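1. Predicted model follows, preceded by the sequence.
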Amino acid sequence: MSENTQKLWGGRFTGETDPLMHLYNASLPYDYKLYKADLEGTKVYTEGLAQLGLITKEELVKIHEGLLQVEKEWDNNSFIKMPNDEDIHTANERRLGEIIGTKISGKVHTGRSRNDQCVTDLRIYCREYLSDKLLKNLETLINVLINRAEEEIEFIMPGYTHLQRAQPIRWSHWLSSYATYFLEDYKRLVQLKERLNKSPLGAGALAGHPYGIDREYLAEKLGFDSVIGNSLVAVSDRDFVVEILFWSTLFMNHISRFAEDLIIYSTAEFGFIKLSDAYSTGSSLMPQKKNADSLELLRGKSGRVFGNLSGLLMSLKGIPSTYNKDMQEDKEPLFDCLTTVEHSILIATGVISTLTVQSDKMAAALTMDMLATDLADYLVRKGVPFRETHHISGECVALAEKEGLSGIDKITMEQYKQIDNRFEKDVYETFNFEQSVERRDATGGTARSAIIKQLNSIKHDLV
Ligand code: ARG
């Protein structure tokens, strides 16, 4: 038997496949990950064939037993790959034939194509991965942020715009901001999962099923919510893969900014937080170094995920209807992205649950100029229009700077009166960071009550 007659599609070929072409074409090195989904798909598909009388009840039992055996071999790492196993679909069918005989196994592919088969497997695989790995871990990350925010609500630190000290905020407010981003990511992922959970099985190579298989039955048995209503679309739609990559890119963007904040906060210059040893590494040259590698990798890997998205979009662009081999290029970026995102969530969770907050350093970084807006608000409360108070407060800051004072709280009453005689003794009560944050109690603000409200709302949305 020549090499080609053993190939699944070998019938019409007479020449040998170029050895490099064989490697170039093969997807088993990575699509073996789909083995469970593939076997499950075949199990249900053959039930559909049995309903049509295309295989007997006895044959179906044999097929199912054989599939179970193949699954066991994959599970315990004893599946032996053969040189002509082009992809997971051909490998599983070849092995099934060895176990139950090709007379029966030769029937399982009746009316099915690898075109509907491979994308059915991929949808099942993605669905499970999103639920078991991404959504579950993301929920834990959000809960860790919430717990920390609840426990450390006392700590006040500078809030920044343009990376310049702006106004005091609670550390919990910062934690809650990322919990809010990640909650939106969580919700988006749930919606995405719903969109992808549609069945392509039974669409055939492209034109539909020649024996009238019950596609709705197949879909239901495989846990899909519905069937894809057009067979051409069923075999060639990879939008769900693009969406996962897009989702991942956006999520990694959030993770990257989260990591960048923590990198800044962990420098000696800031010192707001200390990373635990578990998520830091040393330098091979400088003994004193403790580097925030975990955070730098979270930031760096966002580029890799975006690369996966742009790469796949380029591969898909301009390919004609319907299945074309270009589509096999969906798997490597997808698998790489799923693992990267899963690990990034776990690392981010580890980092945030083990870091130490140095609240004294946070407090020491609070400076009186950060209360200049509060000073303007002081006069607003006395009836002065904000545009005017903004200007007056600016003059106070300038005076303190000119006089070399440590802050606007050191300006004397006399000097205040000179700038504006509506200033009174109670102006000094403004210079209190706790009071400043507590004033911002409208929804979304940095007051204790406002933060607790945010955290409760996130918790509510998560369940
Ligand atoms: N390994 C292929 C993929 O993942 C399976 C589909 C092959 N279909 C075909 N007509 N050659 O895309």
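-> That came through fine. Numbers count the residues shown, from 1 in each chain.
2. Can you give me the neighbour number for Arg95?
-> 22 (other Cβ atoms under 10 Å). The way it works is simple: take the backbone N, C-alpha and C, and place the C-beta from them, glycine included.
3. That one against Glu73, yeah?
-> Yes: Arg95 is within contact range of Glu73, at 7.2 Å (criterion: Cβ atoms under 8 Å).
4. got any residues that touch both of these two?
-> Phe79 (Cβ atoms under 8 Å, 6 or more residues apart in numbering).
5. Provide a list of residues in contact with the residue of the stretch 351-463 of the chain found nearest the ligand.
-> At 35.4 Å from the ligand, Leu462 is the closest residue in the stretch 351-463 of the chain, using Cβ to the nearest ligand atom. Shown in contact with Leu462 (Cβ under 8 Å, 6+ apart): 139, 142-143, 183, 186.
6. neighbours around Asn76, how many?
-> So Asn76, with other Cβ under 10 Å, has 8 neighbours.
7. Distance check, the residue of the stretch 351-463 of the chain closest to the ligand against Arg387.
-> 42 Å (Cβ to Cβ, to the nearest Å).
8. Let me know how buried the residue lying closest to Lys36 once chain neighbours are set aside is, in neighbour terms.
-> Nearest non-adjacent residue to Lys36, counting by Cβ to Cβ, 6 or more residues apart in numbering: Glu71, 6.7 Å away. The tally of other residues near Glu71 (other Cβ under 10 Å) stands at 18.
9. can I assume Glu71 is in contact with Leu39?
-> Yes: counting by Cβ under 8 Å, Leu39 is a contact partner of Glu71 at 5.1 Å.
10. Please name the residues that touch Ala207.
-> Ala207 touches 231-232, counting by Cβ under 8 Å, 6+ apart.
11. Shouldn't it be within a strand?
-> No: using DSSP: H, G, I helix; E, B strand; the rest coil, the secondary structure at Ala207 is coil, not a strand.
12. Now it: phi and psi?
-> Phi and psi for Ala207, reported as degrees, to the nearest 10, are phi -90, psi -10.
13. ok, Glu438 touching Gly445?
-> No: with contact defined as Cβ under 8 Å, Glu438 does not reach Gly445; the gap is 9.4 Å.
14. who has more neighbours, the two?
-> Gly445 (19 against 16).
15. Is the host helix or strand of Gly300 in proximity to the ligand?
-> Here Gly300 sits within helix 293-316, counting by DSSP states H and E. No: Helix 293-316 does not reach the ligand (Cβ under 6 Å from any ligand atom); its nearest approach is 11.5 Å.
16. tell me what that helix is packed against?
-> Contact partners of helix 293-316 among helices and strands, from 3 or more Cβ pairs under 8 Å, 6 or more residues apart in numbering; DSSP states H and E: helix 239-266, helix 331-354.
17. Output the ones you listed in JSON lines, with mean neighbour count, distance to the ligand and mean pLDDT appended to each entry.
-> Shown next, in JSON lines, are the helices and strands packed on helix 293-316 (neighbours: other Cβ atoms under 10 Å; distance: least, Cβ to the nearest ligand atom, whole Å; pLDDT from 0 to 100):
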{"stretch": "helix 239-266", "mean neighbour count": "21", "distance to the ligand": "11", "mean pLDDT": "98"}
{"stretch": "helix 331-354", "mean neighbour count": "20", "distance to the ligand": "6", "mean pLDDT": "98"}
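18. The ones you listed: which one's closest to Phe433?
-> helix 239-266 (17.8 Å; Cβ to Cβ).
19. on that earlier part again, reformat the contacts of Leu462 as a markdown table; add distance to Trp9 and secondary structure.
-> As requested, these are exported to a markdown table (distance: Cβ to Cβ, whole Å; DSSP: H, G, I helix; E, B strand; the rest coil):
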| residue | distance to Trp9 | secondary structure |
| --- | --- | --- |
| Glu139 | 44 | helix |
| Ile142 | 48 | helix |
| Asn143 | 50 | helix |
| Leu183 | 48 | helix |
| Tyr186 | 43 | helix |
